[in-house]
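> 3D model of this:
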Amino acid sequence: KIGIRNGLLIKGKLDVMKENAKEGFALTSKGRFFLNDREGHFNRALHQDFVIVKPLPENQWGSPVGRRRLIHNINTEDLDESENVGPPVPSAVVVAITNQSRRIYVATLVDKPTLDERVINVVPMDPRIPKIRIQTKNWQKFQNKRLLVEIDNWDKNSTYPHGH
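Numbering: from 1, shown residues only. Alright, predicted model coming up:
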């Protein structure tokens, strides 16, 4: 609360880009701030969550890439990361989630379980939402089906949120 009063932190709403789920903007009373989840700026916040962000200094601003580039069978050393990147824009990092917009998502099982057959990752139809990890005793019955999945929590050390 002190950081908000001092202007060091700002309340806003996370708007994840549909074209690139690793990028988004915090819409705040002081303008839009770019967030790059490749740098960990989302801090487990999801699309439409109400968040508190900390603006970054100008030397840490990022540049939105926009559309994802799908690249197959090429040497990653040959890529020019600066290509198709605009000028740096005001950026921020999520420091807290004040109100989660969690709801039920339509998802599908794409990958078969690897190590533990009781845990599967399902892919939501909304590309702005990450894969959701759910536990089940019989994952085969979920193949080629649409599932209604709700996010329960997202552990700090987990790549994906847990749901049911």
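
> Tell me the helix or strand right after the lowest-mean-pLDDT helix or strand in the chain.
Using mean pLDDT, DSSP states H and E, the weakest-scoring helix or strand in the chain turns out to be helix 2-6, at a mean of 79. Going down the chain from helix 2-6, the next helix or strand is strand 10-16, by DSSP states H and E.

> Just give the nearest non-adjacent residue to R38, would you?
K22 (5.2 Å; Cβ to Cβ, 6 or more residues apart in numbering). Yep, even glycine has a C-beta here, placed from its N, CA and C like the rest.

> picking up where we left off before, the least confident helix or strand of the chain packs against which elements?
If contacts are counted by 3 or more Cβ pairs under 8 Å, 6 or more residues apart in numbering; DSSP states H and E, helix 2-6 sits against strand 50-55.

> Can you name the residues in contact with the strand it packs on?
Under the criterion Cβ atoms under 8 Å, 6 or more residues apart in numbering, residues 3-4, 8-14, 26, 28, 33, 35, 45, 90-101 lie in contact with strand 50-55.

> Report the buried residues of it.
Neighbour counts over strand 50-55 (16 or more other Cβ atoms under 10 Å) mark F50, V51, I52, V53, P55 as buried.

> Could you save those as TSV and add columns showing pLDDT?
Output for these, formatted as TSV (pLDDT from 0 to 100):
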residue	pLDDT
F50	96
V51	96
I52	95
V53	96
P55	96
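
> Neighbours of the residue lying closest to D15 once chain neighbours are set aside, how many?
Closest residue to D15 apart from its sequence neighbours, by Cβ to Cβ, 6+ apart: F25 at 5.1 Å. Using other Cβ atoms under 10 Å, F25 has 21 neighbouring residues.

> mind checking how far F25 is from P130?
According to Cβ to Cβ, to the nearest Å, F25 and P130 sit 18 Å apart.

> Likewise for T108?
14 Å.

> returning to that earlier point: so for the residue nearest to D15, what pLDDT did the model give?
We note a pLDDT of 96 for F25 in this prediction.

> Same check on T76?
At T76, pLDDT is 47.

> Can you check the pLDDT for the closest residue to G40 other than its chain neighbours?
Distance criterion Cβ to Cβ, 6+ apart; nearest residue to G40, sequence neighbours excluded, is V93 at 7.5 Å. Listed pLDDT for V93 reads 96.

> Counting neighbours, what do you get for V93?
Number of residues near V93 (other Cβ under 10 Å) recorded here: 19.

> A helix includes it, no?
No. With DSSP: H, G, I helix; E, B strand; the rest coil as the criterion, V93 is located in strand rather than a helix.
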